[in-house]
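> With the input below, show me the fold.
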Amino acid sequence: MALFKINGSVATKIIAKGLDLEKNLQSLFEQNLEELLNIIFLAHEYATSFGGRIDSLGIDKNGSPCIIEYKKNQNDNVINQGLSYLRWLLDHKADFEMLCQSKKADIEIDWDSPRVICIAENYSKFDIDTADILPINVELLRYRIYDENILFLEPENYQKVKISTSGIIKKAKMQKIKDNQLQKVYSIDDHLAGKNKETLDLFQDLREKILSLDQNIIEEAKAKYIAYKTSTNFVDVVVKQYGLKIFLNVKSGRLNDPQRIARDLTKPKPIGHWGNGDYEVKFESANEADMVFALIKQSYDFNK
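Residues are numbered from 1 along each chain as shown. Modelled structure (predicted):
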């Protein structure tokens with residue numbers, strides 16, 4: 001993506017550049033992991049029992065273990081490495097739990113939703129095709145460094161490929177795959193099942209507005225909520241029986257809320273909650289749609 005600096009009526013292109021040292025990429029992300037990806041940093045070059053080392057290990061605000069691999073060279077096979085480390089981690093849960101305790105990361109671990117995140121300046125067609133066809137979600141993030149110390153970060157877009165296994169894989173084998181899956185898969189329908197019509201209408205209208213913000217927005221059903229994100233979540237939606245509960249990924253004190261419809265979850269003292277960010281909004285009436293969406297748009301602007 002071309003970036004330009006505007007000075008009055010003059011636009012000047014900002015030139016992309018590379019990092020001086022390969023290790024600088026990993027160091028940059030590890031020192032700013034919470035700001036960049038909303039992930040708590042736990043360990044650098046974490047040693048596994050089979051001799052490999054996980055580049056960066058963390059846990060997100062929802063308790064998902066996060067394996068982060070950096071593609072520093074063109075031939076680095078970070079996707080396969082990440083999957084191998086994920087398999088190892090799920091066989092050594094106690095080690096991860098002890099690490100969280102030692103780092104005072106007081107978050108309930110969600111072993112149903114581990115994350116494998118790959119970070120690279122570019123991905124080959126083979127990387128993207130591999131991520132497309134995998135039965136689990138691997139997050140591909142693309143970065144670019146520009147002059148004036150500007151970091152640009154975005155998800156590499158891909159759609160999961162649906163492959164029919166009818167007549168190829170027997171039901172018994174399919175059940176075995178299901179029983180041994182590395183990630184539990186949730187759907188939007190799981191969250192909407194059994195909810196009343198008014199709530200469904202609120203959600204569908206809000207969903208359409210959110211997705212219209214940017215064609216690159218990813219909608220992802222999690223265990224407790226539905227996430228909308230670019231490089232990181234900007235809004236998480238909990239579908240309740242009567243209305244929606246919305247969490248905005250905005251830090252306390254930075255949200256412009258003239259109608260005062262958002263609740264600051266850090267005051268008077270921090271309150272535990274499912275979604276990301278410091279603000280909660282209850283959306284229970286269609287009359288509130290414009291006010292609620294204006295706050296979501298702010299969170300999108302902060303996180304895009």
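> So in this protein, where's the weakest helix or strand by average pLDDT?
Across the helices and strands of the chain, the lowest-confidence element by mean pLDDT, DSSP states H and E is helix 171-179, at a mean of 44.
> Give the next helix or strand downstream of it.
helix 188-192 (DSSP states H and E).
> mind listing what's buried in that following helix?
H191 (16 or more other Cβ atoms under 10 Å). Every C-beta, even on glycine, is put in place using the N, C-alpha and C of the backbone.
> who's in contact with the nearest residue to N256 once chain neighbours are set aside?
Leaving aside its sequence neighbours, N256 sits nearest to Q298 (Cβ to Cβ, 6 or more residues apart in numbering; 6.3 Å). Q298 sits next to L248, V250, L255, N256 when contact means Cβ atoms under 8 Å, 6 or more residues apart in numbering.
> and which of those residues is nearest N303?
V250 (8.4 Å; Cβ to Cβ).
> ok, P65 to I226 distance?
Distance, P65 to I226, using Cβ to Cβ, to the nearest Å: 21 Å.
> now do N38
Distance from N38 to I226, by Cβ to Cβ: 16 Å.
> One more: I217?
For I217, the distance to I226 (Cβ to Cβ) stands at 12 Å.
> repeat for A262
Looking at A262 against I226, where the rule is Cβ to Cβ, the gap reads 19 Å.
> What of F126?
31 Å.
> Quick check: end-to-end length of stretch 101-115?
Stretch 101-115 has its terminal residues 19 Å apart, counting by Cα to Cα, to the nearest Å.
> swap in stretch 91-108?
Stretch 91-108: ends 18 Å apart by Cα to Cα.
> One more: stretch 82-100?
Termini of stretch 82-100 sit 20 Å apart (Cα to Cα).
> quick revisit: so if I had to pick from I217 and I226, which one is more boxed in?
A count of neighbours by other Cβ atoms under 10 Å puts I226 above the other of I217 and I226, at 24 against 17.
> In which helix or strand does I117 reside?
Assigned by DSSP H and E, I117 belongs to strand 115-120.
> Give me the buried stretch members for that strand, please.
With the criterion 16+ other Cβ under 10 Å, strand 115-120 contains buried residues R115, V116, I117, C118, I119, A120.
> Show me what that strand is packed up against.
For strand 115-120, the packing partners by 3 or more Cβ pairs under 8 Å, 6 or more residues apart in numbering; DSSP states H and E come out as strand 65-71, helix 78-90, strand 138-146.
> looking at those, which is closest to I14?
Comparing the helices and strands packed on strand 115-120 by Cβ to Cβ, strand 138-146 comes nearest, at 4.6 Å.
> Flag every buried residue along stretch 33-49.
Applying 16+ other Cβ under 10 Å to stretch 33-49 flags L33, L36, L37, N38, I39, I40, F41, L42, A43, Y46 as buried.
> Now for the closest residue to the third one other than its chain neighbours: which residues touch it?
In space, L37 comes closest to T232 once its chain neighbours are excluded; the distance is 5.3 Å by Cβ to Cβ, 6+ apart. T232 makes contact with L36, L37, N38, N249, N276, N303 under the criterion Cβ under 8 Å, 6+ apart.
> what's the closest of those to L192?
When the contacts of T232 are compared against L192 (criterion: Cβ to Cβ), the nearest one is N276, at 21.2 Å.
> and which of the buried residues of strand 115-120 is nearest K222?
R115 (10.7 Å).
> what is the mean pLDDT for the strand or helix carrying I246?
Here I246 sits within strand 244-248, counting by DSSP H and E. Strand 244-248 carries an average pLDDT of 95.
> pLDDT below threshold where in the stretch 51-200 of the chain?
The model of the stretch 51-200 of the chain has pLDDT under 70 over residues 74-75, 157-182.
> care to break the protein down by domain?
According to automatic domain parsing, the chain comprises the domains 3-155, 188-303.
> where exactly do the helices run in the protein?
22-31, 33-37, 78-90, 93-102, 125-133, 171-179, 188-192, 197-211, 289-303 (DSSP state H).
> CSV please, covering the ones you listed and showing distance to K71.
Converted to CSV, these look like this (distance: least, Cβ to Cβ, whole Å):
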stretch, distance to K71
helix 22-31, 9
helix 33-37, 16
helix 78-90, 5
helix 93-102, 24
helix 125-133, 8
helix 171-179, 28
helix 188-192, 31
helix 197-211, 29
helix 289-303, 23
